[in-house]
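In: the sequence isn't on hand, but the structure is:
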(Lines give C-alpha, C1' and ligand atoms only; values in the text may rest on other atoms or scores of the structure.)
Protein backbone atom coordinates (compact mmCIF):
# COMPACT_ATOMS: atom_id res chain seq x y z
CA UNK A 1 0.00 0.00 0.00
CA UNK A 2 1.22 3.52 -0.81
CA UNK A 3 1.53 6.20 1.90
CA UNK A 4 2.49 9.87 1.67
CA UNK A 5 4.85 11.76 3.99
CA UNK A 6 5.80 15.43 3.87
CA UNK A 7 9.09 16.91 5.05
CA UNK A 8 8.74 19.23 8.00
CA UNK A 9 5.87 17.31 9.61
CA UNK A 10 7.11 15.30 12.58
CA UNK A 11 4.48 14.05 15.02
CA UNK A 12 5.63 12.90 18.48
CA UNK A 13 7.65 9.67 18.59
CA UNK A 14 5.59 6.60 19.46
CA UNK A 15 7.77 4.21 21.48
CA UNK A 16 5.52 1.22 20.74
CA UNK A 17 3.89 1.53 17.30
CA UNK A 18 0.79 -0.66 17.03
CA UNK A 19 1.34 -1.72 13.41
CA UNK A 20 4.17 -2.35 10.98
CA UNK A 21 2.95 0.54 8.84
CA UNK A 22 3.05 2.98 11.75
CA UNK A 23 6.57 1.82 12.64
CA UNK A 24 7.89 2.10 9.08
CA UNK A 25 6.35 5.56 8.54
CA UNK A 26 7.87 6.77 11.80
CA UNK A 27 11.27 5.42 10.76
CA UNK A 28 11.06 7.20 7.39
CA UNK A 29 10.07 10.49 9.07
CA UNK A 30 13.10 10.10 11.34
CA UNK A 31 15.39 9.51 8.35
CA UNK A 32 14.00 12.61 6.61
CA UNK A 33 14.50 14.75 9.73
CA UNK A 34 18.02 13.54 10.58
CA UNK A 35 21.20 15.20 9.35
CA UNK A 36 24.03 12.88 8.36
CA UNK A 37 26.86 12.80 10.95
CA UNK A 38 24.52 13.82 13.79
CA UNK A 39 23.90 10.32 15.22
CA UNK A 40 26.89 9.31 17.38
CA UNK A 41 26.91 5.54 16.79
CA UNK A 42 25.77 5.68 13.17
CA UNK A 43 27.25 8.70 11.40
CA UNK A 44 25.84 7.56 8.03
CA UNK A 45 22.18 7.75 9.15
CA UNK A 46 20.30 10.71 7.72
CA UNK A 47 20.60 13.08 4.80
CA UNK A 48 23.68 15.04 3.77
CA UNK A 49 22.72 18.74 4.12
CA UNK A 50 25.08 19.89 1.34
CA UNK A 51 22.12 20.07 -1.04
CA UNK A 52 20.83 23.10 0.89
CA UNK A 53 23.33 25.44 -0.78
CA UNK A 54 22.71 24.14 -4.30
CA UNK A 55 20.52 25.68 -7.00
CA UNK A 56 16.89 24.54 -6.65
CA UNK A 57 16.87 21.81 -9.34
CA UNK A 58 20.22 20.41 -8.19
CA UNK A 59 19.02 20.45 -4.57
CA UNK A 60 15.90 18.49 -5.52
CA UNK A 61 18.00 15.86 -7.26
CA UNK A 62 20.52 15.55 -4.43
CA UNK A 63 17.76 15.33 -1.81
CA UNK A 64 15.84 12.70 -3.77
CA UNK A 65 18.95 10.60 -4.38
CA UNK A 66 20.06 10.75 -0.74
CA UNK A 67 16.57 9.93 0.51
CA UNK A 68 16.08 6.91 -1.77
CA UNK A 69 19.48 5.47 -0.82
CA UNK A 70 19.00 6.10 2.90
CA UNK A 71 15.52 4.54 2.97
CA UNK A 72 16.78 1.51 1.04
CA UNK A 73 19.58 1.07 3.58
CA UNK A 74 17.78 1.80 6.86
CA UNK A 75 14.16 0.86 6.14
CA UNK A 76 14.12 -1.95 3.56
CA UNK A 77 10.40 -2.60 4.20
CA UNK A 78 9.64 0.58 2.25
CA UNK A 79 10.30 1.65 -1.32
CA UNK A 80 10.12 5.25 -2.55
CA UNK A 81 7.56 5.46 -5.35
CA UNK A 82 7.54 9.19 -6.07
CA UNK A 83 8.75 12.54 -4.73
CA UNK A 84 6.71 15.68 -5.49
CA UNK A 85 7.64 19.21 -4.50
CA UNK A 86 5.35 21.77 -2.88
CA UNK A 87 6.28 25.40 -2.29
CA UNK A 88 5.43 26.55 1.23
CA UNK A 89 4.13 29.96 2.26
CA UNK A 90 7.61 31.18 3.24
CA UNK A 91 9.04 30.27 -0.20
CA UNK A 92 10.84 27.09 0.81
CA UNK A 93 10.19 23.67 -0.67
CA UNK A 94 8.63 20.68 1.02
CA UNK A 95 8.99 17.18 -0.38
CA UNK A 96 5.91 14.96 -0.59
CA UNK A 97 7.30 11.45 -0.54
CA UNK A 98 5.15 8.49 -1.57
CA UNK A 99 6.33 5.14 -0.26
CA UNK A 100 5.11 1.60 -0.75
CA UNK A 101 5.32 -0.48 2.41
CA UNK A 102 5.73 -4.24 2.45
CA UNK A 103 3.69 -5.19 5.50
CA UNK A 104 4.60 -8.88 5.25
CA UNK A 105 8.13 -8.60 6.69
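Out: Thanks, I have it. No experiment lies behind these values; they were computed from the predicted model shown. Numbering: from 1, shown residues only.
In: buried stuff in the longest helix seen in the chain?
Out: The longest helix of the chain (DSSP state H) is helix 56-74. Going by neighbour count (16 or more other Cβ atoms under 10 Å), the buried part of helix 56-74 is 59-60, 62-64, 66-67, 70-71, 74. (Glycine included, C-beta is placed from N, CA and C.)
In: what does stretch 93-105 give?
Out: 95, 97, 99, 101.
In: and it, average pLDDT?
Out: For stretch 93-105, mean pLDDT rounds to 87.
In: for it, which outside residues touch it?
Out: Contact with stretch 93-105 is made by 1-8, 19-21, 24-25, 28, 32, 56, 59-60, 63-64, 67, 71, 76-88, as judged by Cβ atoms under 8 Å, 6 or more residues apart in numbering.
In: and residue 27, that one's in a strand?
Out: No: Residue 27 is assigned helix when assessed by DSSP: H, G, I helix; E, B strand; the rest coil, not a strand.
In: grab the nearest non-local neighbour of it.
Out: residue 75 (4.8 Å; Cβ to Cβ, 6 or more residues apart in numbering).
In: number of nearby residues for the one you found?
Out: Neighbours of residue 75 under the rule other Cβ atoms under 10 Å: 19.
In: check residue 21 too.
Out: Residues near residue 21, counting by other Cβ under 10 Å, number 15.
In: isn't there a helix covering it?
Out: Yes: counting by three-state DSSP, residue 21 is located in a helix.
In: what sits against it?
Out: Counting by Cβ under 8 Å, 6+ apart, residue 21 has contacts 1, 3, 101, 103.
In: just the pLDDT at it, thanks.
Out: On pLDDT, residue 21 comes in at 94.
In: run through who's touching stretch 63-75.
Out: By Cβ under 8 Å, 6+ apart, the list of residues contacting stretch 63-75 from outside reads 24, 27-28, 31-32, 44-48, 51, 78-80, 83, 95, 97, 99.
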